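Asks: got a predicted structure here, sequence first:
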Amino acid sequence: MTAVEQPLASPPGAAGGSEPRLATPEFEAAAVRQESRRGFLLALPAYAYLVLFFAVPLLIVVEYSFATRNRFGGTDLSGWNLDSYAKLAEPIVRDILFRSIWLAVLTTAICLLIGYPFAYYLATRSPVVRNVMLVFVMIPFWTNFLVRNYAWRVILGHDGPFTQTTEFLGLGEHEFLFTPTAVVLGLVYGFLPFMILPLYASIERIDARLLEASRDLYASGWQSFRHVLLPLSMPGVIAGSILCFVPSLGAYVTPEILGGAKTTLLGSYIVIQFLEARNWPVGAALSFVLMAIMLAATIVYFRKGGRTL
Amino acid sequence: MSTAVEPRGRTKFLLSLNGWLVYVFFYAPIVLLVVYSFSASRNVGTWGGWTLDWYGDFVDNRTARSALSDSLKVAAISTVVSVVLGTMAALALERFKFRGKQVFDALLYLPIIIPDVTMAVMMLLFFSQFFDAVNTVFGLSLRKGFGSVVASHIAFSISFVSVVVRARLAGMDNKMEEAALDLYATRWKAFRYVTFPQIIPGIAGGALLAMTLSLDDVVITQFVAGPGLETLPVYVFGLIRKGVTPLINAISVVMLVASMTLVALSLLFERTRGGDRAQ
């Protein structure tokens, strides 16, 4: 970070009399300005690109969310109103919103329950074992998301390996496919690595002597977890939960592949508004609400001391 | 950085059991998918002896082949552009101070946290208006297609590339650059001969991430592709919605192998950059 000041600040002292012009305040000010311009020019291409292809589209979404759908399925941009947002309170949309939030919360909770012990276990292994284990967590994280969901479709499908297994074990025929259970299963499968990695990063940093000290002072395993380990790993818990919750709430691919027609979620509902129902204002308003939730979650995360995503 | 307290007894057993179960959970579906892709049965998920027929189908399927080549073209172009822009952005943010830096930093973070669906909606509305405006002003007849897909992929990849490169730059000692500058290297020379060689692993990691994201994307591409273009994930997604077939199994395994190759490469680069991660 301080790279800018240092090379500029050091020459007057370091180079001394050999470069007297560096010592003048005017020159330093000019040099600072030049550095600032260089930095700006370096950032400019990406900056301009993101303004045109990200910030402007974002504003257009906001604009559309205040617009009205006309009789022909088009959108009238003149005459701003809050109708689309009012529509969000209607039972159908409200149910979808609540169902999506509920499934996202459930996914996050399950990821946390499985991920926390796993991350702790990972942190207690020797460095070599740990690296190997981490690699095998990273692989699904990088593997094509669509394919990973499709794999569950095959497994849970009619007469698929899952049904065959339950029948073989004498548990009778169970079909999960096209139920909310299957969606949560798919979401957990998809986002568990997002929970494990930040949890591991924060547990690994904890000084083990603190845990030892708590045990030396007669804390039970549970007490030492509850009062030492958990509070210290809170940044990881928050980061992991946000990284799980955010994509689960906006999920589209997983519910489309594993969920049924009865379990429409937010992501699918938005897509329907654009590609089928042609009610762009409502779709835009919903996308905006979704984004606002994400932003709020991210701000909470940074406030709680999270530094990188 | 020390190892946490080693669990004992029942806790230890439960923790390691949980560990094994997580790995079974992660890998069983992938392994099963690969195995079933060689099954001769027309009914997906039922075993019917070994065959390579479905892979043959994939090779013979003209639509699938053109979707694959479209995917690769989109991924290649968007990766190259986003790596250049993302690296420049990372350098500017890590090594310079300039006006508007904070706004830029925030703008750069947004594409990472925004949900796919919202991004897809943004791009759809933007390109509808953008092409309308351009077409009326210049009398052209531009439509959504290859260009809009590449532009959208670049828009979400720049941020990921810059995060990865910034992590590398932040973990790097800048004394070498300072030494080069003190020894009268120009800013460009200091970058070219000192900084750049050291951040290559970061740039490569960012490039692989950008490529993975581009090859993974379904929703955004589906929204901005228009009728003229279909990438492989969009094609496969469409097929899955109609019902599962052995052909999808085969295509999925091909995509799986492609992403595994990318992971293997990225882990190789990870090794050379000493363990700091893109998270």
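Replies: Yep, it's here.
Asks: and the longest helix for chain A?
Replies: Ranked by residue count and defined by DSSP state H, the top helix of chain A is helix A:91-123.
Asks: which other helices and strands does that helix contact?
Replies: helix A:127-142, helix A:180-205, helix A:234-249, helix A:266-275, helix A:280-303, helix B:9-36 (3 or more CB pairs under 8 Å, 6 or more residues apart in numbering or on different chains; DSSP states H and E). Placement of C-beta: from N, CA and C, glycine included.
Asks: what about it, average pLDDT?
Replies: Model confidence over helix A:91-123, given as mean pLDDT, is 94.
Asks: OK, contacts around B:Gly238?
Replies: By CB atoms under 8 Å, 6 or more residues apart in numbering or on different chains, the residues touching B:Gly238 are B:Glu230.
Asks: stretch B:75-95 near chain A at all?
Replies: Yes. Interface with chain A: stretch B:75-95 contributes B:84-86, B:88-89, B:91-95 (CB under 8 Å from any CB of the partner chain).
Asks: gap between the closest residue to A:Pro117 other than its chain neighbours and A:Ala201?
Replies: In this structure, A:Pro117 finds its nearest non-sequential neighbour in B:Asn18, 4.8 Å apart by CB to CB, 6 or more residues apart in numbering or on different chains. Separation of B:Asn18 from A:Ala201 (CB to CB, to the nearest Å) stands at 19 Å.
Asks: the stretch 51-200 of chain B: helices as residue ranges?
Replies: Ranges of helices in the stretch 51-200 of chain B, per DSSP state H, counting those that start in this stretch, are B:53-60, B:62-95, B:101-113, B:116-138, B:146-170, B:175-182, B:187-190, B:196-216.
Asks: contact partners of the fourth one?
Replies: With contacts defined as CB under 8 Å, 6+ apart, helix B:116-138 is touched by A:53-54, A:56-58, A:60-61, A:64, A:247, A:250, A:252, A:266-267, A:270-271, A:274, A:280, A:283-284, A:287-288, A:290-291, A:294, B:111, B:140-144, B:148, B:152, B:155-156, B:217, B:219-220, B:222-224.
Asks: just the buried residues of those.
Replies: Neighbour counting with 16 or more other CB atoms under 10 Å in any protein chain shown marks A:53-54, A:57-58, A:60-61, A:64, A:247, A:250, A:252, A:266-267, A:270-271, A:274, A:280, A:283-284, A:287-288, A:290-291, A:294, B:111, B:144, B:148, B:152, B:155-156, B:217, B:219-220, B:222-224 as buried within these.
Asks: residue 196: neighbour count?
Replies: Assuming you mean chain A. 26 (other CB atoms under 10 Å in any protein chain shown).
Asks: actually chain B
Replies: 13.
Asks: so what's it up against?
Replies: Taking CB under 8 Å, 6+ apart, one finds nothing in contact with B:Phe196.
Asks: where does chain A dip in pLDDT?
Replies: A:1-23, A:71-73, A:172-174, A:304-309 (pLDDT under 70).
Asks: tell me which residue is most central in it.
Replies: Nearest residue to the geometric centre of chain A (CA atoms, centre = their mean): A:Leu243, 3.2 Å.
Asks: separation between that one and chain B?
Replies: Separation of A:Leu243 from chain B (CB to the nearest CB, to the nearest Å) stands at 9 Å.
Asks: just give the closest residue to that residue, not the sequence neighbours.
Replies: A:Phe194 (4.0 Å).
Asks: on the three-state scheme, A:Ala277 is what?
Replies: Following DSSP: H, G, I helix; E, B strand; the rest coil, we place A:Ala277 in the coil state.
Asks: what about the nearest residue to A:Pro193 once chain neighbours are set aside, how many residues close to it?
Replies: Closest residue to A:Pro193 apart from its sequence neighbours, by CB to CB, 6+ apart: A:Phe141 at 3.8 Å. A:Phe141: 19 surrounding residues under other CB under 10 Å.
Asks: ok, A:Phe141 touching A:Leu197?
Replies: Yes. If you go by CB atoms under 8 Å, A:Phe141 and A:Leu197 touch, sitting 7.4 Å apart.
Asks: taking the stretch 151-300 of chain A, what residue is nearest to chain B?
Replies: Nearest to chain B in the stretch 151-300 of chain A, going by CB to the nearest CB, is A:Gly250, at a distance of 2.8 Å.
Asks: tell me, what residue is most central in chain B?
Replies: B:Leu213 (2.1 Å).
Asks: how about it, what does it touch?
Replies: Here B:Leu213 is in contact with B:153, B:156-157, B:160 (CB under 8 Å, 6+ apart).
Asks: so how far is B:Val253 from the closest residue to B:Trp50 other than its chain neighbours?
Replies: Nearest residue to B:Trp50, sequence neighbours excluded (CB to CB, 6+ apart): B:Phe38, at 5.3 Å. Noted for B:Phe38: a distance of 9 Å to B:Val253, by CB to CB.
Asks: mind checking which of those two has more residues around it?
Replies: Between B:Phe38 and B:Val253, counted using other CB under 10 Å, B:Val253 has the larger neighbour count: 22 against 19.
Asks: what helix or strand is the more buried one on?
Replies: Per DSSP states H and E: B:Val253 is located in helix B:246-272.
Asks: can you name every helix or strand that that helix contacts?
Replies: Using 3+ CB pairs under 8 Å, 6+ apart, the elements in contact with helix B:246-272 are helix A:127-142, helix A:145-156, helix B:9-36, helix B:53-60, helix B:196-216, helix B:232-242.
Asks: kindly recompute the last result at 10 Å.
Replies: Identification of packing neighbours for helix B:246-272 by 3 or more CB pairs under 10 Å, 6 or more residues apart in numbering or on different chains; DSSP states H and E yields helix A:127-142, helix A:145-156, helix B:9-36, helix B:53-60, helix B:62-95, helix B:196-216, helix B:232-242.
Asks: turn these into a markdown table, including distance to B:Met176.
Replies: Below are these laid out as a markdown table (distance: least, CB to CB, whole Å):
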| stretch | distance to B:Met176 |
| --- | --- |
| helix A:127-142 | 28 |
| helix A:145-156 | 39 |
| helix B:9-36 | 40 |
| helix B:53-60 | 49 |
| helix B:62-95 | 13 |
| helix B:196-216 | 8 |
| helix B:232-242 | 42 |
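Asks: and the nearest residue to A:Val56 once chain neighbours are set aside, how far is that from A:Val51?
Replies: Excluding the flanking residues, the one nearest A:Val56 by CB to CB, 6+ apart is B:Phe126, at 6.3 Å. According to CB to CB, B:Phe126 and A:Val51 sit 12 Å apart.
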